[in-house]
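Chemist: Need the 3D shape of this:
(one chain, ligands or ions: 1)
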Amino acid sequence: MSLDPTILEAFRRLHAQALASDDPEPNAMTVATAGADGRVHARMVLLKTADERGFTFFTRYDSDKGVQLEANPRIALCLLWKWLKPAAQVRIEGRAEKLPATESDAYFATRERLSQLGAWASLQSRTLPERVALERRVDEFDHRFAGRDVPRPAEWGGYRVVPDLVEFWFAGEHRWNERERWELIDGTWRKRLLYP
Ligand SMILES: Cc1cc2nc3c(=O)[nH]c(=O)nc-3n(C[C@H](O)[C@H](O)[C@H](O)COP(=O)(O)O)c2cc1C
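Modeler: Got it, this is the predicted structure:
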């Protein structure tokens, strides 16, 4: 079920304002996941795209977050645009799906070579015995791919968060903040206001 155009338009308008603001990281968003044991984990990633299909970010599929999403695809995102007037928070909940390989390939190809080599070298979320071990692995892959394009590692790629809940929050005077929650109920996006 695709995102209601009204929601997407509201998101895009705020996002464009955040990109034009002094915010140094307007694409940074918290990603919360919970694996099979129910323990909740949160970390930042960068939002890459937002369209009617959902919201995308890139990572390693064998990272802790990837392992958690394999066991439980439920996911929550949270963006804070505190440089906007009024400041805005957007909460998104839904399910994470791996992007088709062709989409991950296309984005990977746009990254600079050293980032591409980093994607091969970094065994994200595993124990790093010493910092120099990462640099050694970057050198190894640099040699392996010398003189040719760096292909995308199979374990590196994107997720699309297909939402069933989007909430816009706007800061108000006296903390009389505004909350507008959209939920996908029986195939229809419904809006209601919430007490702040
Ligand atoms: C501002 C910011 C942006 C980040 N962007 C990404 C990203 O797009 N993808 C990613 O895998 N990690 C990103 N990270 C690193 C993650 O926060 C995290 O350390 C990493 O993904 C490992 O998480 P995990 O062990 O829970 O899987 C970013 C960190 C910060 C502070």
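Chemist: Which residue ranges of the chain form strands?
Modeler: For the chain, the strands defined by DSSP state E cover 28-34, 40-46, 49-51, 54-60, 74-81, 88-98, 156-170, 178-185, 188-194.
Chemist: Phe108 is nearest to which of these?
Modeler: strand 156-170 (6.9 Å; C-beta to C-beta). Using the backbone N, CA and C atoms, a C-beta is placed for each residue, glycine as well.
Chemist: pLDDT (mean, whole number) over that closest one?
Modeler: Taken as a whole, strand 156-170 has an average pLDDT of 98.
Chemist: Next: stretch 175-193.
Modeler: 97.
Chemist: That stretch: end-to-end distance?
Modeler: For stretch 175-193, the first-to-last residue distance is 16 Å (C-alpha to C-alpha, to the nearest Å).
Chemist: quick check, distance from that stretch to the centre of its chain.
Modeler: Counting by C-alpha atoms, centre = their mean, to the nearest Å, stretch 175-193 is centred 21 Å from the centre of its parent chain.
Chemist: Those residues of the protein touching the ligand, which are they?
Modeler: 25, 28, 41, 43-46, 57-59, 63-65, 124-125 (C-beta under 6 Å from any ligand atom).
Chemist: Would you write out the PyMOL command that picks the buried residues out of those residues?
Modeler: Buried residues within the residues of the chain next to the ligand, by 16 or more other C-beta atoms under 10 Å, are selected in PyMOL with:
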select buried, resi 45+57+58+59+63+64+65+124
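Chemist: of all the strands of the chain, which lies closest to Ala10?
Modeler: Among the strands of the chain, if distance is taken as C-beta to C-beta, the winner is strand 156-170, at 6.3 Å.
Chemist: If we go by neighbour counts, what in the closest one is buried?
Modeler: Result for strand 156-170 [16+ other C-beta under 10 Å]: buried residues 156-163, 166-170.
Chemist: centroid residue for the chain?
Modeler: Centroid-nearest residue in the chain, with C-alpha atoms, centre = their mean: Phe57, separated by 3.7 Å.
Chemist: That one contacts Val45, doesn't it?
Modeler: Yes: between Phe57 and Val45 there is a contact under C-beta atoms under 8 Å: 4.4 Å.
Chemist: Which neighbours do the two have in common?
Modeler: Common contacts of Phe57 and Val45, defined by C-beta atoms under 8 Å, 6 or more residues apart in numbering, comprise Met29, Val31.
Chemist: mind giving me TSV with the strands of the chain and columns for distance to Gln17?
Modeler: As requested, the strands of the chain are exported to TSV (distance: least, C-beta to C-beta, whole Å):
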stretch	distance to Gln17
strand 28-34	16
strand 40-46	18
strand 49-51	14
strand 54-60	17
strand 74-81	7
strand 88-98	8
strand 156-170	12
strand 178-185	16
strand 188-194	21
